[in-house]
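Novice: how would this look folded up:
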Amino acid sequence: MVSDFAVIGAGLAIAGGLIGTGMAQSGIGAAGMGIYAETPEKFGKVLFFFVIPETLWIIGFVLGIILLKGILG
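Specialist: Numbering: from 1, shown residues only. Next up, the predicted model:
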């Protein structure tokens, strides 16, 4: 059985990952669109830097699953 603190911790881990991803992508997306407007051939590099912050929500989601499954303790 999962404790109440583990559920709260899992929710905070997932929410923190999602909020961090949104904050990172807001600045990167604005700058990336400026670069793309000036030099469209750099689209691949801009896209790569835009999706790097996606790993934050993946890490938060995995940590939340670990907490809910009770793997660490």
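
Novice: so which elements touch the host helix or strand of A30?
Specialist: Using DSSP states H and E, A30 sits within helix 4-38. Where contact means 3 or more C-beta pairs under 8 Å, 6 or more residues apart in numbering; DSSP states H and E, helix 4-38 is packed against helix 43-51, helix 54-69. Heads up, the C-betas are built off the backbone N, CA and C, glycines and all.

Novice: in a markdown table: these, plus distance to A30 and mean pLDDT.
Specialist: Shown next, in a markdown table, are these (distance: least, C-beta to C-beta, whole Å; pLDDT from 0 to 100):
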| stretch | distance to A30 | mean pLDDT |
| --- | --- | --- |
| helix 43-51 | 10 | 90 |
| helix 54-69 | 17 | 89 |
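
Novice: buried deepest among these, which one?
Specialist: A comparison of the helices and strands packed on helix 4-38 by mean neighbour count, using mean count of other C-beta atoms under 10 Å, puts helix 54-69 on top with a mean of 16.

Novice: and the angle from that one to helix 4-38?
Specialist: Comparing the axes of helix 54-69 and helix 4-38 via axes from the mean of the first three to the mean of the last three C-alpha atoms, to 10 degrees yields an angle of 170 degrees.

Novice: CA atoms only: put stretch 21-37 into CSV for me.
Specialist: Taking Å, rounded to 0.1, in the frame of the first residue of the first chain, the C-alpha atoms of stretch 21-37 are listed here in CSV:
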residue,chain,number,x,y,z
THR,A,21,9.5,22.1,-19.1
GLY,A,22,7.1,24.9,-19.8
MET,A,23,9.4,27.5,-18.3
ALA,A,24,12.4,26.3,-20.3
GLN,A,25,10.5,25.9,-23.6
SER,A,26,9.0,29.4,-23.4
GLY,A,27,12.4,31.1,-23.7
ILE,A,28,13.9,28.6,-26.1
GLY,A,29,10.8,28.7,-28.3
ALA,A,30,10.8,32.5,-28.6
ALA,A,31,14.5,32.6,-29.4
GLY,A,32,14.3,29.6,-31.7
MET,A,33,11.5,31.2,-33.8
GLY,A,34,13.7,34.4,-34.1
ILE,A,35,16.6,32.3,-35.4
TYR,A,36,14.3,30.4,-37.8
ALA,A,37,12.8,33.6,-39.1
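
Novice: fine by me, we can end here.
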